[in-house]
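Colleague: no FASTA, just this:
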Ligand code: HEM
């Protein structure tokens, strides 16, 4: 498995653990204010990062490129900042909104970079 796939799976599993903890907390407290954070941590963190990691494992040709490395850092940084900021925003801290905005744009930039990786990778 390419190093970048391992990096993505090591990161993704942390987001799954965090996402499930938010879900369990909501269920136990019967307070669903954080459902948006729960969904985004699970889907942008666990699901999307696992797909990125799997893509690199299936197409190792581009997995060690500079673009792939930069994309991984940009995307993971964006989700890592967005997740707690979104949680705070949804649970009563409106001051977190600008952080969510900037982090969301960072995540989107990471997705556009991944699109570039897909389009420029030659298949075997
Ligand atoms: C043990 C694991 C999990 C627990 C305890 C849990 C718990 C919850 C709870 C309590 C809600 C709120 C339901 C409501 O608003 O009535 C919810 C919503 C949601 N969960 Fe989870 N969840 C878990 C795993 C996951 C995973 C792995 C994903 C995605 C990969 C996920 C995606 C979602 C989504 C998208 C919603 C929003 C659904 C909607 O608003 O219609 N959850 N979850």
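Modeller: All right, it came through fine. None of these values were measured; they are calculated from a predicted model.
Colleague: Report pLDDT for residue 124.
Modeller: Residue 124 is assigned 54 on the pLDDT scale.
Colleague: could we number from 31 for the rest of this?
Modeller: In the new numbering, first residue 31, that becomes residue 154.
Colleague: Next, count neighbours for the nearest residue to residue 115 once chain neighbours are set aside.
Modeller: Using Cβ to Cβ, 6 or more residues apart in numbering and skipping the chain neighbours, the partner closest in space to residue 115 is residue 129 (4.0 Å). C-beta coordinates here come from the backbone N, C-alpha and C atoms, glycine included. The local packing of residue 129 (other Cβ atoms under 10 Å) involves 17 other residues.
Colleague: can you list the residues of this protein near the ligand?
Modeller: Proximity of the chain to the ligand, by Cβ under 6 Å from any ligand atom, involves residues 49-50, 53-54, 56-57, 62, 65, 68-69, 72-73, 76-77.
Colleague: OK, now which residue of this protein is nearest to the ligand?
Modeller: Nearest residue of the chain to the ligand (Cβ to the nearest ligand atom) works out as residue 53 at 2.6 Å.
Colleague: Leaving out the residues flanking it, which one is nearest to that residue?
Modeller: Residue 53's closest residue in space is residue 68 (Cβ to Cβ, 6+ apart), at 5.0 Å.
Colleague: now swap in residue 76 and tell me
Modeller: Nearest in space to residue 76, with sequence neighbours left out and distances taken as Cβ to Cβ, 6+ apart, is residue 46 at 3.8 Å.
Colleague: Just the buried positions in the strand or helix carrying that neighbour, please.
Modeller: Secondary structure assignment for residue 46, by DSSP states H and E: helix 33-59. By 16 or more other Cβ atoms under 10 Å, the buried positions in helix 33-59 come out as 34-35, 37-39, 41-42, 44-46, 48-49, 52-53, 56.
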